[in-house]
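J.: have a look; sequence and predicted model below, questions after that.
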Amino acid sequence: MSKLFYTRLAFTNLRKNKSTYFPYLLSSVVIISMFYIIQSLYYAATDAEFYGAGTMGSVLELGSYVVGLFAVLLLFYTNGFLIKRRKKELGLYSILGMEKRHIARLLLCETFLTTLISLMLGLALGLLLSKLMFLLLNNITQFSIQITFQVSLPPMLNTVLLFLVIFLLTLLYNLRHIHISNPITLLQSSRQGEKEPKTKWPLALFGLLCIAGGYTITLLVQTPFEAVALFFAAAILVILGTYSLFTAGSIALLKFLRSRKKFYYNPRNFISVSGMIYRMKQHAAGLASICILSTAVLVILSSTVSLYAGQQEILGHRYPRDIVTQSAYSEGVELKIQQASNETAQMYSLEVYNAVSFRSLSFVAAKEGGVMNTEPKEGSISASQIYEVVLFPVEDYNRATGQALTLLPGEVFLYTKLSPWNESSIQLGNQTLVVRGSLPEAAPIQSSQLSQVIQVAVPDLYTLQTILNAFPEAEGIRYTYDFDLEGFEEEIRAFCSDFPNAMADAGCDLIQADNVYDGQQDFLTTFGTLFFIGLFLGVLFTMATVLIIYYKQVSEGYDDRERFEIMQKVGLSHQEVKKTIHKQILLVFFLPLLIAVVHIAVAFHVISMLLMAFGLLNTNLFFLCTLGTILVFALAYVLVYAMTARTYYRLVQRKN
Amino acid sequence: MTLLEVKNLKKIYTTRFGGNQVQALSNVSFSVEEGEYVAIMGESGSGKTTLLNILASLDKPTSGEILLDGKNILNIRERDLAAFRRDQLGFVFQDFNLLDTFSLKDNIFLPLVLSRTPYQEMENRLAPIAQKLEISELLHKFPYEVSGGQKQRAAVARALITHPRLVLADEPTGALDSKASAHLLRLFSEINRGGQTVLMVTHSTMAASHAGRILFIKDGEVFHQLYRGGMSNEELYQKISDALTLLSSGGAGNE
Ligand SMILES: Nc1ncnc2c1ncn2[C@@H]1O[C@H](COP(=O)(O)OP(=O)(O)OP(=O)(O)O)[C@@H](O)[C@H]1O
Ligand SMILES: [Mg+2]
């Protein structure tokens, strides 16, 4: 009997608070289904025995951690919002004679219902959509590896387990809240929000320092290597900074504005400044979250889209020709390798063309002015000073690129990938060479994607050997033989798998023998999965943004209604009130987007460096992708705003 | 000169659910001369707040006319109404209506800021009023930090700081102790002597005895009027007590 009573009360409560509970339930359902989907993809990928399935599996695994973590955060945030709204009601129950344990039982019932409903619906939706998602993933990776749709138990169990724990934790959180507060504080808690916030200067300062630090790091990064090493730290700093600036900084600024009498006591500023102080106090954390989420969406989408779209180009850089080989250079090795390659190709009725034959010497050194030093003092150099130095005879360069450059002894041509070379000479070991000028284009050979690279065209092979003698730790001169193949695809594939063995049989000792076809499949798998995860997380984060915006609009609507009425009574016209409120709302809602765009603009440099680490050198492509993502996201944002603003105005403009 | 003329005012509230109708005012007519001090008395629920709200154009009557300086305020456009309200009227609300986002001081400044008064001028005006209402020490506090009586005095200060021609006060002493009430009533008498017209709703015979005329409202109509004539406050107090007794017994008789 009494059990039924609580269940019934719980049901009524959920129904009564449906404008706030429904979005909560909906987002639980969606996030549960998304977690299930990514889990089932992950299990399918690890089950698959394809080459490359491992990469896909680990990307998906990482993705499912992000989704899981995010589920915890999101559900806690929305639960906090709900319980805050309901404190008054619960306080009333306890004043009307409900004991705390009765309230606890009521909450238990409610949580049980919510959990049951959202898990069932979430799993159902997940099952329904996962087939579609398998298809999408396979399409994006262009079936480079095919994972087969399956319904298995582990992902389902994981999902149920995770969300049971989350819901249990929110219940404990709510119970603790009820337990530690007495009825009067519960009753008045909706009024507590009215307290004027204190200015927290230390926090504001901390935020400022964090942002400044994060921005400085991202702007000072010069090489992909630094970008990879420092991006995470910079992101954490910016996140911390955004949170503290939104919470403390905004209030400090507004209070400062308020203290300036001339500025403050002016109809427009008077109402907006005081209103904003109040709003920021209540919503700073939510706004900061929106800002961070928006930034995350933009970063993830723009970079994964760029990588996916720039695959061919990345492939082109990594594989200057379809087949790439490298071996140690010695007299006569060139001819031997060329002959062996051609003969192997003929065995498969293929024709070698576009061949590049290239001798080079490379080593890592630190740039100290015009000197390339292979043994720099420990701790005296920064990452941006570290160069991969690639030396080659100008004759080989001319042959590979079709140029006709000439050099006198003691002269060089240079090419640098990231920072320009400003010195007039370059010292390599005991040789000081005069810089004649820069190479018109990069030599078509592989080079480091992480550090700075300098290519040096020297007059002849002899110079190369002299330099090698000065650097005993260098790996020696390498011979690169790259070529394209003409013929049927099937034969090319057969050639590729047989090529290393055939060369070994012919007595050629290859250090490296790769082909673009394997590479392409790798790329499709890796970047395709990344792109898929990017889309997936993009959708998830966008949903969270929508949810937070919705809750903010609703809660502000309730709070603003009273203020709206009083202002009219005191002598502000309906239009004026509407205008000021509209302005504030616009400011509050578009501030996060604006700051997210600023973050992106500052981070653009470091992210393009990160993409270089993946081999994407095309900054223009990344710029376009970023711009496109921002536009699409802003459009979605505006749409969400417009839709929720309607709810807001409906709440505010209670009819007379 | 007649400042305010109210003719056949009628107000029927229709509740939202079901056509349940409440007649708050049935037929109210009276007029107020410039510089008068009028108290309005009546039982709880007799329609006093409704009347004041309509006079302040915060609400619209079902029928009837309100002439201020001979002009019908029901015909003023919404936009001009806001300006009219803050320049000509000072309203002390029964439930204070202070904004929780402003300190008491800023709450009091609100109407002045809206009409773009220079800051120095606002300070000059605030000081004497705050002193008389004994809230000088509280000005930097926020509404949730002060008591009901203190809030009420801030609401009074907000109504008076614009030097309005017509002060409409809905139970301005409702939350005050006798000492604070006395201060407030002295302030009202003072501004009234300075030429401002005061219309005050009150349940307190003591408060009403400061007025020049008392209107008694009952069942949505002006039931009775009392003029001070040459009476002292004490004599008027006695008269009002008698009238109230008559009012309630008559009310009992009517039913
Ligand atoms: N918004 C409203 N909707 C419906 N009925 C209302 C509304 N406001 C007031 N009433 C009704 O109109 C009548 C008059 O209310 P009013 O507030 O004017 O009384 P009052 O004389 O000010 O009482 P008190 O002395 O208690 O303040 C009451 O019966 C009240 O219930
Ligand atoms: Mg009233």
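T.: In hand now; what should we look at? Numbering: from 1, shown residues only, chains lettered A, B, ... in the order given. Ligands and ions are numbered 1, 2, ... in the order given.
J.: quick one: name the residues of the stretch 51-200 of chain B near ligand 2.
T.: When proximity is defined as C-beta under 5 Å from the ion, the stretch 51-200 of chain B approaches ligand 2 at residue B:94. C-beta: built from backbone N, CA, C; applies to glycine.
J.: residue in the stretch 51-200 of chain B nearest to chain A?
T.: As assessed by C-beta to the nearest C-beta, chain A sits closest to residue B:86 within the stretch 51-200 of chain B, at 2.8 Å.
J.: and that residue, how far is that from ligand 1?
T.: Residue B:86 is 23 Å from ligand 1, where distance means C-beta to the nearest ligand atom, to the nearest Å.
J.: what is the neighbour count of the closest residue to that residue other than its chain neighbours?
T.: Distance criterion C-beta to C-beta, 6 or more residues apart in numbering or on different chains; nearest residue to residue B:86, sequence neighbours excluded, is residue A:571 at 2.8 Å. By other C-beta atoms under 10 Å in any protein chain shown, the residues close to residue A:571 number 22.
J.: in chain A, which helix or strand is least confident?
T.: Least confident helix or strand of chain A, by mean pLDDT, DSSP states H and E, is helix A:183-192 with a mean of 56.
J.: and after that one, which helix or strand comes next?
T.: Per DSSP states H and E, helix A:183-192 leads on to helix A:201-220 as the next helix or strand towards the C-terminus.
J.: what's that next one packed up against?
T.: helix A:224-244, helix A:250-259, helix A:574-613 (3 or more C-beta pairs under 8 Å, 6 or more residues apart in numbering or on different chains; DSSP states H and E).
J.: what separates that helix from the chain centre, distance-wise?
T.: In this view, helix A:201-220 has its centroid 20 Å away from the chain centroid, taken as C-alpha atoms, centre = their mean, to the nearest Å.
J.: can you check stretch A:324-343 too?
T.: That offset, for stretch A:324-343, works out to 43 Å (C-alpha atoms, centre = their mean).
J.: so which bits of the biggest helix by length in chain B are buried?
T.: Ranked by number of residues, the top helix in chain B under DSSP state H is helix B:233-254. Across helix B:233-254, burial judged by 16 or more other C-beta atoms under 10 Å in any protein chain shown covers B:236-237, B:239-240, B:243-244, B:247.
J.: cool, stretch A:125-141 as well?
T.: Buried residues in stretch A:125-141 (16+ other C-beta under 10 Å): A:125-126, A:129-130, A:133-134, A:137-138, A:140-141.
J.: go through those residues and flag which are in strands.
T.: Of those, none are assigned to strands by DSSP state E.
J.: is it possible to get TSV of these that adds pLDDT and distance to ligand 1?
T.: Below are these laid out as TSV (pLDDT from 0 to 100; distance: C-beta to the nearest ligand atom, whole Å):
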residue	pLDDT	distance to ligand 1
A:125	93	46
A:126	93	50
A:129	90	50
A:130	88	55
A:133	88	54
A:134	88	59
A:137	86	60
A:138	84	63
A:140	84	60
A:141	80	65
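J.: which one of those residues sits closest to residue A:602?
T.: Closest to residue A:602 out of those is residue A:140 (29.9 Å), distances taken as C-beta to C-beta.
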